[in-house]
Every structure is written in structure tokens, then in C-alpha cells.
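# I'd like to go over a predicted model; first the sequence, then the structure.
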Amino acid sequence: MSALATRPVHRMRTAILISGRGSNMHSLIAASRSPDFPAEIALVLSNKADAPGLAAAKAAGIATAAVDHKIYAGREEFERSMQAMLEIHRIEAICLAGFMRLLTPWFVGQWAGRMINIHPALLPSYRGLHTHERALADGVKIHGCTVHFVVPEMDAGPVIAQAAVPVTDQDTPETLAVRVLAQEHVIYPLALRLLGSGAIRIDGNRVYTGSAEDGRVLVVPPPV
Ligand code: GRF
């Protein structure tokens with residue numbers, strides 16, 4: 001055997017599910033290009049054929065699929081079609097990244113412990129939509145984002161990584177969204193790295209990694 005021969009390392013075959021622009025998708029694709037990253041992006045799937053992120057993934061040379069929820073009689077039929085597509089591509093893990101469909105307990109059950117989501121708030125605060133508006137209306141001084149395992153309840157599930165973003169006097173929902181999004185792009189690849197490396201152990205709502213990357217709670221200084 002030549003000295004250059006290396007044992008093939010399995011990289012976790014990961015699908016990213018999107019509905020829109022896909023900026024988090026881009027951050028995951030970029031991270032996965034690093035040779036030591038333990039996951040590869042094997043598929044980008046969208047429920048919207050015209051999602052800008054889908055065209056961008058295709059241009060980046062990644063396999064893409066559109067499964068239009070509107071042509072199915074119900075949620076479960078739609079999800080069975082997605083499931084078939086995920087199986088065709090031998091997907092092992094899913095990252096939801098701005099995927100705007102509620103998922104049934106059946107689909108979530110298929111991917112228990114293997115499907116993660118990014119949410120633009122510090123869960124369990126501000127589940128649901130319009131998180132930045134609601135945080136400002138409440139006057140909180142710390143906002144942020146969360147990567148968590150997906151469970152049947154929306155925006156719940158064990159937390160893998162969070163970044164805290166200070167709120168400033170000048171903030172509007174738009175300015176806050178920009179700073180939170182920048183941190184989403186940091187913690188989502190970090191969380192996928194932890195999942196792909198097999199380091200994660202879940203106990204109740206707590207996620208343990210026992211890894212050197214345990215500094216996964218980020219506090220981001222305010223803009224100067
Ligand atoms: C992000 O804010 C994410 O937290 C939320 O949906 C948005 C998707 O943005 N789940 P993008 O498509 O990744 O740019």
C-alpha cells in the first residue's frame with residue numbers, strides 16, 4: 001500500500017431543506033468543502049421549485065430536488081414523496097434551513113436524532129415567526145439564534161448550539177436580523193460538524209458533546 005493511501009472516511013450524507021434564499025444553506029455548503037468536515041451536502045431539496053437557494057445549489061454543483069407541496073392531497077403524501085427522494089440520495093441527516101412547512105410526527109419520527117433546525121431566537125424564547133419584532137417589542141437586551149434537534153413540537157427539541165446577540169438602542173427588526181443571521185452562519189456549520197463527528201449524546205433536553213468544541217455557546221459583542 002502506498003504511503004499516500006488513506007482510509008476512506010465516511011462523511012455523513014446530509015440534505016438541506018429550504019424554501020427561500022438559502023443563506024444558511026450557503027454557509028453549510030462552504031463549511032462542507034473543508035476536507036476535514038465530517039458531513040457532505042448530498043442534496044438540497046425545496047418545496048418551492050423557484051426558491052433562489054435551489055438555483056444557487058445547482059450552480060454550485062450540488063444535487064437538487066423540488067417537491068412541490070401544492071400538488072399533493074395532504075401533508076403526509078407530500079412528506080412520503082420527500083422521504084422517497086431522501087432515500088434515493090441515501091441521505092443520513094437533514095438540516096432544515098428556512099424550510100417553511102410544518103412536519104408531521106411521522107416524518108419527524110423517521111429522522112429522530114438526525115434532523116436539525118436553525119431558529120432566529122434564543123429558544124425556548126420566541127418560537128414561531130417574527131422573532132426579531134417580538135424581541136424588540138419585549139425590550140430584551142439579548143437576542144440570538146439556536147440550532148436544535150427537531151421534535152414534533154415546533155421550535156422545540158434539544159439545543160445543540162446558540163449564539164447570543166446584544167440588542168442596541170438603534171436596532172430595528174431589520175438591523176437585528178442582519179446581526180443574528182451572521183451568527184446563524186457561524187453556529188449552523190458548528191452544529192453540523194458536531195453531529196457529523198458522532199460526538200453528540202442526547203439526554204432529555206440536554207445535548208452533550210464531550211468534545212473540544214464544547215465552547216458552542218457564543219456571545220457576540222455589540223457593534224461599535
Ligand atoms: C433564517 O433566519 C432561519 O433562522 C430561519 O429561516 C431563515 C432562513 O434564511 N429558520 P435563509 O434562507 O437561510 O437565508
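Looks like it arrived, so ask away.
# domain parsing of the chain, as residue ranges.
1-111, 118-224 (automatic domain parsing).
# quick one: the shortest one to chain centroid distance?
Mean C-alpha position of domain 118-224 versus that of the full chain (C-alpha atoms, centre = their mean, to the nearest Å) differs by 11 Å.
# for the ligand, tell me whether that domain is touching it.
Yes: between domain 118-224 and the ligand, judged by C-beta under 6 Å from any ligand atom, the touching residues are 118-120, 181, 184. Heads up, the C-betas are built off the backbone N, CA and C, glycines and all.
# same check on the first one?
Yes: using C-beta under 6 Å from any ligand atom, a contact is recorded between domain 1-111 and the ligand, made by 18, 20-25, 97-98.
# so which of those are in helices?
Assigned to helices by DSSP state H, the following of the residues of domain 1-111 next to the ligand qualify: 23-25.
# so which of those is surrounded by the most neighbours?
Neighbour counts for these (other C-beta atoms under 10 Å) peak at residue 25, which has 27 neighbours.
# report pLDDT for that residue.
Residue 25 carries a pLDDT value of 98.
# and if you look at residue 178?
Listed pLDDT for residue 178 reads 97.
# alpha carbons only: can I get the helix or strand containing it in CSV?
Taking DSSP states H and E as the criterion, residue 178 maps to helix 173-196. C-alpha atoms of helix 173-196 as CSV (Å, rounded to 0.1, in the frame of the first residue of the first chain):
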residue,chain,number,x,y,z
PRO,A,173,-36.1,44.3,13.3
GLU,A,174,-34.0,44.6,10.1
THR,A,175,-30.7,45.5,11.7
LEU,A,176,-31.1,42.9,14.4
ALA,A,177,-32.0,40.3,11.8
VAL,A,178,-28.7,41.0,9.9
ARG,A,179,-26.6,40.5,13.0
VAL,A,180,-28.4,37.4,14.1
LEU,A,181,-28.2,35.9,10.6
ALA,A,182,-24.4,36.4,10.6
GLN,A,183,-24.3,34.3,13.8
GLU,A,184,-26.6,31.7,12.3
HIS,A,185,-24.0,31.2,9.6
VAL,A,186,-21.4,30.5,12.4
ILE,A,187,-23.4,28.1,14.6
TYR,A,188,-25.1,26.0,11.9
PRO,A,189,-21.9,24.6,10.5
LEU,A,190,-20.6,24.2,14.0
ALA,A,191,-23.6,22.1,15.0
LEU,A,192,-23.5,20.0,11.8
ARG,A,193,-19.8,19.4,12.5
LEU,A,194,-20.7,18.1,16.0
LEU,A,195,-23.5,15.9,14.6
GLY,A,196,-21.4,14.5,11.8
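# which parts of this structure are strands?
Assigned by DSSP state E, the chain shows strands spanning 12-18, 39-46, 64-66, 93-96, 115-119, 142-149, 159-166, 201-203, 206-208, 217-219.
# tabulate those in JSON lines, adding columns for mean pLDDT.
What follows is the strands of the chain, written out as JSON lines (pLDDT from 0 to 100):
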{"stretch": "strand 12-18", "mean pLDDT": "98"}
{"stretch": "strand 39-46", "mean pLDDT": "98"}
{"stretch": "strand 64-66", "mean pLDDT": "98"}
{"stretch": "strand 93-96", "mean pLDDT": "98"}
{"stretch": "strand 115-119", "mean pLDDT": "98"}
{"stretch": "strand 142-149", "mean pLDDT": "97"}
{"stretch": "strand 159-166", "mean pLDDT": "94"}
{"stretch": "strand 201-203", "mean pLDDT": "94"}
{"stretch": "strand 206-208", "mean pLDDT": "92"}
{"stretch": "strand 217-219", "mean pLDDT": "62"}
